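1. everything below, folded, please.
(chains A and B)
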Amino acid sequence: MDIVNTPNTTDISSSAKLTSGRRNRFSYALRKAPLNVKLCFAIVAVYLFAAFFADLIAPFGESELVSREPFASWNGINLFGTDQLGRDVLSRLIYGARNSIGIAIITTSIAFLMGGTLGIIAAFFRGWVDQVVSRLIDILMAIPGLIFALMLLSVFGTSIQNLILIIAILDSTRVFRLARALAMDVAVSDYVESAQVRGENLLWIITQEILPNILPILVAEFGLRFCFVLLTTSSLSFLGLGVPPPMADWGSMVRENASLITYGDITPLIPAVAIALITVAVNFIVDWYLQIRGGSNG
Amino acid sequence: MAEENATIEKVESLPSGTERGPLLLTIRNLVINGLVDDTTVPILRGIDLDVHRGEVIGLIGESGAGKSTLGLAGLGIVNEGCIIVDGSITFDGIDLRNCPESVKRHLRGVRVAYVAQSAAASFNPAHKLIDQVVESSEIHKTEPRKRAVERAVTLFGELALPDPARIGERYPHQVSGGQLQRLMTAMAMNCAPDLIIFDEPTTALDVTTQVEVLGAIRKVVQQFGTAAIYISHDLALVSQMAHRIVVLKDGVKVEEAETRRMLASPEHPYTRTLWAVRSLEKSATVAARPILDIRHINAAYGHVRVLEDVSFTVPRGHTVAVVGESGSGKSTLARVVCGLLRVQQGEVMFDGTRLPPLRKERTRDILRRIQLVYQSADTSLNPSHTVRTLLSRPLRLYFGLKGSAANQRVNELLDMIEMSGAYIDRYPSELSGGQKQRISIARALAANPDLIVCDEVTSALDQVIQEGILKLLMSLQRELSVSYLFITHDLATVKAIADEVAVMHRGRVVRFGEKNAVLSPPFDDYTQLLMSSVPQMDPDWLDGVIQKRPGESTHEPAQVVPGKRTKRADRLG
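-> Below is the predicted model of the structure:
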């Protein structure tokens, strides 16, 4: 006499077969993604490949002086010519991928760790905790970002660690705002309350109850933040306060070769295009990801 | 057209006997498919339905049976993602399946109308009520606005809305839910349509409000001779409205009969299960020591007092039902017991010791022994956890079980709730409503609790699923001798599972005691009102209630026709 279960089985089982496992669903969506999204994935893959295997694919060393002639034009040995000290531009471009992307990923991760954790905590506890943290963040946000970063970098000196930490802290304010707003809704849900009634600790509630439910949007935001951080470090490098020489970085490469523009040489635009291309690619991927998660996540 | 003639002949040859008007809506062999993730799922599988002028058809079935899809099809509307595969829909000679959209648009609002389940979601909060009520007559230019407003005001009066002349000047948030539902009926009736579809118009309302709305709707429908399709999952409600009842299951019509005949002798076994909860009854249990003893507690949200001097006990292994309408403080009581709200005065004793007021002050063992099951499993199960995570977490937390030991226990728990291990890696969104609620119950059971607080656990489910859950709770109680504090607004549920009953009204316990004592006369005013509002499987029930409501004023409750009331109480208790 199992009348209870039978009426539901028809519609449930058919849809469940299709939706079992989130990973499958993702690869299915990827296969069905439009061509431009696939192209963007390919671009990102090329960049990552360059970053990981820079040592193997770069024809010359990162700061190796390969030519006596500074600002050499494009030729058979130095495909993109040489820079002001006679270093190979192509090699520096490839090493630059490692430095620029690496710094951007580490910075964004730290920003998300700090901002995300604080945001969820503020949303979960509310009251004075929320007030104190939110007001501190407000103060940081009130100062224009790039100028603040410039000031801090000239105070603490330019090193990679300082660069990463300062940009991460400044960027975590935006992440905090987003994470707090998202977690606010989840923190008052019945399942979080039920976890509290069960006697769960804070770590479990943050990482297992709240985080998975706000993750899709945070992941999308991670992509966007990554682009902003890349642009910020590049701008700082362009202004001479970013990645310290002789390390290669796209921003500083634009600056170092900037004077060539006056002579109608497009070499300084190559690192600029490298920055633009990955930013656009990541943005397309983020848009697509939000689209596929928007409908199915509920 | 030949087909239509054949239909009429067929209808005339039906033996039901009552005189009917001419045929208004004819649905023949209607097949509608829905599209779920690139696969088609049949929603309706060949339905025939006739609606005559002035006739009210009741459409019942559990959720997912295709009631709403059929109702909308009667208006020539198919929900997004659904397609009509086969069959015909003919409204007064117009082929609704094939005619152009412009023709259908001229029908809607004027000749056919729709009353949705949630009036609150269907009114535009930015416009005054009267503008929305007369909107369809303005769009279709059936009459000047002044006349339309006059008609609306008359209708407001007929529907027993307060201050008919001026209520239209208000905005939707300024009237109550029951009033809004009646206003929506007025909106549908304003152009005097030939056919109205009522899609569960009272499901979202309290029992006491439901009676008023139902009475009002029936009065105007009868008065104007409007044909209607009344969709509901509650057979008792439908039987008040409908001349004829159609039972749907999985998109198939399983039974169709004239109301009284359907109630007296349902033929199909499925129809009989729709009585399910009403036929459940728990036998008396032996007395036991109290596991929970609530002593004179007061509680408040800010300055709003919600509980006043509430005391009662829950004996070990018993089920105590707390009944009352929304706002009576029953859920607050659950929150106090679970340590989510601090009491202002009084104390709660649990198994002989005083319970610390807030959950943070309670030991993990006490938290383990009192478990809470929420009304909506949709919101109380984390959507990003699988069944395995949901059930194994309490095992890990309270008993340190992990790995294969935890797995084994999860499978045992799934067995206990009559679900198989195949569900273990499903996400909540991949389960049906009843299954989700079972998982919530299993999660509570995983803690081996002494007391489970059930907050309206069955009210979001339909009758058949409710019966399954209630039976499950009872059999679990027999096996594990767990106690339930069962919060509900439904007296049929109370009758089905309770040993003791506490009736709450405006934050006070107005009546507490053994079930049969509480549910038999003499009643206090409020219990009386609550009891009389529960729909009965009797087509004359609503007439009786409405006749008596005015006379049943709060001054002299116990004296009015005690004989009749006793009879009703017997049926209930």
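
2. so how far is the strand or helix carrying B:Glu150 off the chain centroid?
-> Using DSSP states H and E, B:Glu150 maps to helix B:145-158. With C-alpha atoms, centre = their mean, to the nearest Å as the basis, helix B:145-158 stands 31 Å off its chain's centre.

3. same question for stretch B:195-212.
-> 9 Å.

4. now the closest residue in space to A:Asp249 that isn't next to it in sequence: how far from A:Val46?
-> In this structure, A:Asp249 finds its nearest non-sequential neighbour in A:Val243, 3.9 Å apart by C-beta to C-beta, 6 or more residues apart in numbering or on different chains. Any C-beta I mention is one placed from the backbone N, CA and C, and that applies to glycine too. Here A:Val243 is placed at a distance of 22 Å from A:Val46 (C-beta to C-beta, to the nearest Å).

5. now A:Asn213: closest residue in space that isn't a chain neighbour?
-> Leaving out its chain neighbours, the residue that sits closest to A:Asn213 by C-beta to C-beta, 6+ apart is A:Val186, at 4.9 Å.

6. across the sheet, point out what pairs with B:Asp95.
-> On the basis of DSSP bridges, B:Asp95 is bridged to B:Thr90.

7. state the pLDDT value of it.
-> Per-residue pLDDT puts B:Asp95 at 85.

8. next: the one 5 residues further on.
-> B:Pro100 is assigned 85 on the pLDDT scale.

9. what parts of the stretch 51-200 of chain A come near chain B?
-> Residues of the stretch 51-200 of chain A that fall close to chain B, judged by C-beta under 8 Å from any C-beta of the partner chain: A:Ser189, A:Asp190, A:Tyr191, A:Glu193, A:Ser194, A:Ala195, A:Gln196, A:Val197, A:Arg198, A:Gly199, A:Glu200.

10. neighbour-wise, which one of the residues you listed leads?
-> Neighbour counts for these (other C-beta atoms under 10 Å in any protein chain shown) peak at A:Tyr191, which has 25 neighbours.

11. which residues touch it?
-> A:Tyr191 is in contact with A:Glu209, B:Thr379, B:Ser380, B:Leu381, B:Asn382, counting by C-beta atoms under 8 Å, 6 or more residues apart in numbering or on different chains.

12. pick out the residue nearest the middle of the chain.
-> If you meant another chain, say so; for now it's chain A. Centroid-nearest residue in chain A, with C-alpha atoms, centre = their mean: A:Phe226, separated by 2.2 Å.

13. wait, chain B
-> Centre-nearest of chain B using C-alpha atoms, centre = their mean is B:Thr203, 4.5 Å out.

14. now the nearest residue to A:Arg126 once chain neighbours are set aside: how far from chain B?
-> Once flanking residues are discounted, A:Arg126 sits nearest to A:Ala187: 8.0 Å by C-beta to C-beta, 6+ apart. Distance of A:Ala187 to chain B, computed by C-beta to the nearest C-beta, to the nearest Å: 12 Å.

15. check contacts around the nearest residue to B:Cys99 once chain neighbours are set aside.
-> Of all residues not flanking B:Cys99 in the chain, B:Gly76 sits nearest, at 7.7 Å (C-beta to C-beta, 6+ apart). Counting by C-beta under 8 Å, 6+ apart, B:Gly76 touches B:Ile89, B:Phe91, B:Leu96, B:Arg97, B:Cys99, B:Lys104, B:Leu107, B:Arg108, B:Val112.

16. what's the answer for A:Leu239, then?
-> Counting by C-beta under 8 Å, 6+ apart, A:Leu239 has contacts A:Leu150, A:Arg255.

17. how close does it sit to A:Asn162?
-> Using C-beta to C-beta, A:Leu239 is found at 15 Å from A:Asn162.

18. again with B:Ala165
-> In this view, B:Ala165 and A:Asn162 are 74 Å apart by C-beta to C-beta.

19. sorry, back to before: other SSEs contacting the helix holding B:Glu150?
-> Judged by 3 or more C-beta pairs under 8 Å, 6 or more residues apart in numbering or on different chains; DSSP states H and E, helix B:145-158 is in contact with helix B:129-133, helix B:135-139, helix B:164-167, helix B:177-189, helix B:207-224.

20. would you mind getting the angle between that helix and helix B:177-189?
-> Helix B:145-158 runs at 130 degrees relative to helix B:177-189, counting by axes from the mean of the first three to the mean of the last three C-alpha atoms, to 10 degrees.

21. stretch B:315-333: how far from the chain's middle?
-> Centroid separation for stretch B:315-333 versus its chain: 18 Å, with C-alpha atoms, centre = their mean.

22. ok, back up a step: what's the most distant pair in the residues of the stretch 51-200 of chain A next to chain B?
-> Largest separation among these by C-beta to C-beta: A:Ser189 and A:Gly199, giving 17.6 Å.

23. B:Ile452 touches B:Val482, doesn't it?
-> Yes. Counting by C-beta atoms under 8 Å, B:Ile452 touches B:Val482, with 5.9 Å between them.
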